[in-house]
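In: Just need the structure, nothing else, for what follows:
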Amino acid sequence: MRQRHLEMMLEKLSGFRIPDPLKEQYSTPATVAAELLHFAFMRGDITDTVYDLGCGGGILAIGAKLLGAEKVIGFDDDSYALEIARANAEKLGAKVEFECCSINDVHGKAHTVVMNPPFGAQVKGSDRPFLRKALELSSVVYSIHNAGSMEFIKKFISPAVITDYRMIDFPIKRTFRFHTKEVQVIKVEIYRIEKR
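Out: I've put the predicted structure just below:
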């Protein structure tokens, strides 16, 4: 499936109904999700089992399934978000499992983890449990972070390494009262992290 076709399919999905600012619940835009997933697909990392940590409305999990992953599980601690994720998966006919649990309670093994973790803008360090857990569960991780995070990520994940990355615009629609613009575009980096 071409990246643009995947993006058009993912644009049909719904986001959070009542997002929590402390959890930084921003819906991953279809452009960003398609970029991450196509990046992983072209590297041969969307094949066996894929986990989506902090899946929210399920856009990364559903996209991974549409690209042919054998088994996909999305994890989130927000049961309302998972209701949306299940409805989104049904809308596109994607057979994805969703589990409600905190990041620390996720167990199992995946070939690849995909995620858009909190950036730590509201609660400093909130991305760290996601990175730790992703590397515990899998040897390949695709993760979205604020542009300029590379040096911190490199140190934090060591001895795992960043093997490749992409920079992309991430449009954030006005979601919370403290937002002053209808759409704020920030630069993010999508890292491919691998355990060595």
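In: CA atoms for contacts and neighbours, from now on please.
Out: Fine.
In: Which residue lies nearest the spatial centre of the chain?
Out: The centre of the chain sits closest to Met115, judged by CA atoms, centre = their mean, with a distance of 2.5 Å.
In: what's across from that one in the sheet?
Out: Beta-bridge pairing for Met115 (DSSP bridges): Leu53, Ser143.
In: May I have the residues that are in contact with it?
Out: 52-55, 60, 141-144 (CA atoms under 8 Å, 6 or more residues apart in numbering).
In: All the strands of this structure, residue numbers only.
Out: 49-53, 71-76, 97-100, 112-115, 140-146, 161-173, 183-194 (DSSP state E).
In: Including mean pLDDT and distance to Thr28, could these go into a markdown table?
Out: Formatted as a markdown table, the strands of the chain follow (pLDDT from 0 to 100; distance: least, CA to CA, whole Å):
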| stretch | mean pLDDT | distance to Thr28 |
| --- | --- | --- |
| strand 49-53 | 98 | 12 |
| strand 71-76 | 98 | 14 |
| strand 97-100 | 98 | 17 |
| strand 112-115 | 98 | 10 |
| strand 140-146 | 96 | 10 |
| strand 161-173 | 90 | 8 |
| strand 183-194 | 91 | 12 |
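In: Can you pull out the low-pLDDT segments for this protein?
Out: 16, 19-25, 120-123, 173-181 (pLDDT under 70).
In: ok, 80 please
Out: Judged by pLDDT under 80, the chain has its weakly predicted residues at 16-26, 119-123, 172-184.
In: Could you double-check that Glu70 sits in contact with Ala61?
Out: No: counting by CA atoms under 8 Å, Glu70 does not reach Ala61; the two are 11.6 Å apart.
In: shared neighbours of the two, anything?
Out: What both Glu70 and Ala61 touch, as defined by CA under 8 Å, 6+ apart, is the set Val50.
In: of these two, who's got more company?
Out: Remark: of Glu70 and Ala61, Ala61 carries more neighbours, 33 against 15, as counted by other CA atoms under 10 Å.
In: How much space separates that one from Thr163?
Out: For Ala61, the distance to Thr163 equals 22 Å [CA to CA, to the nearest Å].
In: Same check on Thr49?
Out: 20 Å.
In: higher neighbour count, those two?
Out: Thr49 (19 against 11).
In: so who does Glu11 touch?
Out: Neighbours of Glu11 in contact, by CA under 8 Å, 6+ apart: 29-30.
In: thinking again about what came up before, what about the strands of the chain, which gets the closest to Met8?
Out: Between Met8 and those, the shortest separation by CA to CA is 16.2 Å, and it involves strand 161-173.
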